[in-house]
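> A predicted structure for the sequence below; I have some questions about it.
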Amino acid sequence: MIGTVLQFTDLQELCKPGGRPTLATVEAWAIRIKLRYTYDGKGGLITTVDAFNAAIGLGQAANQERTYSAEDLIG
C-alpha cells in the first residue's frame, strides 16, 4: 500500500488471503463487491482505501451525496 492507494498485491491478499489469485479472479471479485478501481501500469488493479471501504459497506461511496429532510434533522 502506498498512502491510501491499495496496489494489486494488496487486492490479491484481500480477495484471497494467503493466496495469489490471478488478475481475472481479482477483477471478478472487485466487480462482484462493486469496487471502483483502475488499472496500474503493470497489468494489475489499483484502488483506494476509501473505495474499498465503501464497497464493503464501511463508508459512503464518494459519488453519493447524503441528503436529509427537515424531519430527519429535527427528529
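All right, it came through fine. Numbering: from 1, shown residues only.
> Double-check Gly43 against Leu23; I have them as touching.
Yes: using CB atoms under 8 Å, Gly43 is in contact with Leu23, at 6.6 Å. (C-beta placed from N, C-alpha, C; glycine too.)
> who's more crowded, the two?
Neighbour count, other CB atoms under 10 Å: between Gly43 and Leu23, Leu23 has more, with 14 against 8.
> How about stretch 16-36, which residues are buried there?
Neighbour-count burial for stretch 16-36 flags Pro21, Val26, Glu27, Trp29, Ala30, Leu35 (criterion: 16 or more other CB atoms under 10 Å).
> where do the helices sit along this structure?
Here the chain has its helices, by DSSP state H, at 8-15, 23-32, 49-55, 70-74.
> need the contact list for Leu45.
Residues near Leu45 by CB atoms under 8 Å, 6 or more residues apart in numbering: Phe8, Leu11, Leu23, Val26, Glu27, Ala30, Tyr37, Thr38, Tyr39.
> In the sheet, which residues pair with it? Tell me.
Tyr39 (DSSP bridges).
> And stretch 39-50, what's buried?
Neighbour-count burial for stretch 39-50, with 16+ other CB under 10 Å as criterion, is recorded at Gly44, Leu45, Ile46, Thr47, Thr48, Asp50.
> Any idea how far that stretch is from the middle of the chain?
Distance, stretch centre to chain centre, for stretch 39-50: 10 Å (CA atoms, centre = their mean, to the nearest Å).
> what does the average pLDDT come to for it?
Averaged over stretch 39-50, pLDDT sits at 94.
> Span of it from start to end?
Its start and end residues considered, stretch 39-50 measures 17 Å (CA to CA, to the nearest Å).
> if we can go back for a sec, which among the buried residues of stretch 39-50 gets closest to Gly3?
Nearest to Gly3 among these: Thr48, at 8.9 Å, using CB to CB.
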